[in-house]
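Chemist: What would the 3D arrangement of this be:
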Amino acid sequence: MTRAFGLCGVILAAGDSTRMGTDKALLPWPPTSSGQAPSGTFLSAAIQSLSLDTDLVLVVAGRNARSLAPVVYGAGASMVENPDPDLGQFSSLQVGLREVLNRGRDAAMITLVDRPPVSEQTIRTLTGAYSRAFQRFQWGVVPQFQGKHGHPFIAGRELIEKFLQAAPTSNAREIRHRHSDKIVYVEVDDPMTVANINTPEDYAAIHPDSK
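Modeler: I've put the predicted structure just below:
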């Protein structure tokens with residue numbers, strides 16, 4: 001008997017970006033040269049990337065909800081607010097996943113707004129791997145690049161429930177590792193899956209052509 005799933009994109013964007021000094025969600029992406037008008041932002045690029053293979057995309061915002069709203073709605077996504085973003089990133093994940101279930105979806109492709117968007121091929125690889133894993137009653141799929149686990153990762157209903165049952169101060173990676181026998185790790189040729197932009201120096205060093 002086959003199973004069916006509805007996949008929803010979730011972008012965690014509720015952080016204060018203190019080390020960057022400005023909201024990372026609104027940084028130009030791709031990076032522009034001096035005098036050039038930006039064509040998009042980290043947030044709009046993430047929405048576009050996850051929209052490739054999902055039914056809808058949810059952005060979890062915090063105190064920055066008002067400033068993110070034009071980008072979110074302009075890109076055709078939806079927004080949900082974390083009422084207490086000081087609890088940390090995992091609490092934002094829980095807010096987003098509750099909304100995924102409220103929207104009638106059973107699986108989520110999850111990423112962080114400070115991760116440059118991965119290639120279209122990577123998205124297709126992950127969704128294909130999850131489709132196969134789902135039929136084998138596995139719980140999720142995580143990309144792996146040169147031995148490092150990255151984003152976006154896909155969580156099915158069972159893994160979503162484990163995340164929602166945990167304390168708001170928990171860690172998603174630790175929960176995945178606790179159930180590693182139910183997770184499929186997929187090797188991808190995409191360094192953007194493990195790129196992490198926290199500081200102006202990180203942002204200056206990253207180039208989309210390195211994908």
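Chemist: Show me where the chain has its helices.
Modeler: With DSSP state H as the criterion, the chain has helices at 42-50, 65-74, 89-102, 120-135, 157-165, 172-178, 200-205.
Chemist: Contacts made by the fourth one with the rest, please.
Modeler: Contact partners of helix 120-135, identified using CB atoms under 8 Å, 6 or more residues apart in numbering, comprise 2-3, 5, 7, 49-50, 52-53, 107, 109, 139-141, 143, 152-154, 156, 184, 186, 188, 190, 192-193. From N, CA and C alone the C-beta is placed, and that goes for glycine too.
Chemist: The shortest one too?
Modeler: The list of residues contacting helix 200-205 from outside it, by CB under 8 Å, 6+ apart, reads 20, 21, 27, 31, 196, 197.
Chemist: Local confidence estimate at the nearest residue to residue 85 once chain neighbours are set aside?
Modeler: Distances taken as CB to CB, 6 or more residues apart in numbering place residue 62 nearest to residue 85, at 3.3 Å, with adjacent residues excluded. Per-residue pLDDT puts residue 62 at 95.
Chemist: now residue 56
Modeler: 95.
Chemist: circling back to that earlier point, mind giving me the PyMOL select for the contacts of helix 120-135, buried ones only?
Modeler: Selection of buried members from those for PyMOL, criterion 16 or more other CB atoms under 10 Å:
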select buried, resi 5+7+49+50+53+107+109+139+140+141+143+152+153+154+156+184+186+188+190+192+193
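Chemist: Inside strands: which ones of the contacts of helix 120-135?
Modeler: Among the contacts of helix 120-135, DSSP state E puts 7, 107, 109, 140, 141, 143, 153, 154, 184, 186 in strands.
Chemist: buried set for the helix or strand bottoming out on mean pLDDT in the chain?
Modeler: Lowest on mean pLDDT, DSSP states H and E among the helices and strands of the chain sits helix 200-205, with a mean of 84. For helix 200-205, a neighbour-count test (16+ other CB under 10 Å) marks residue 203 as buried.
Chemist: I'm done for today, thanks for sticking with me.
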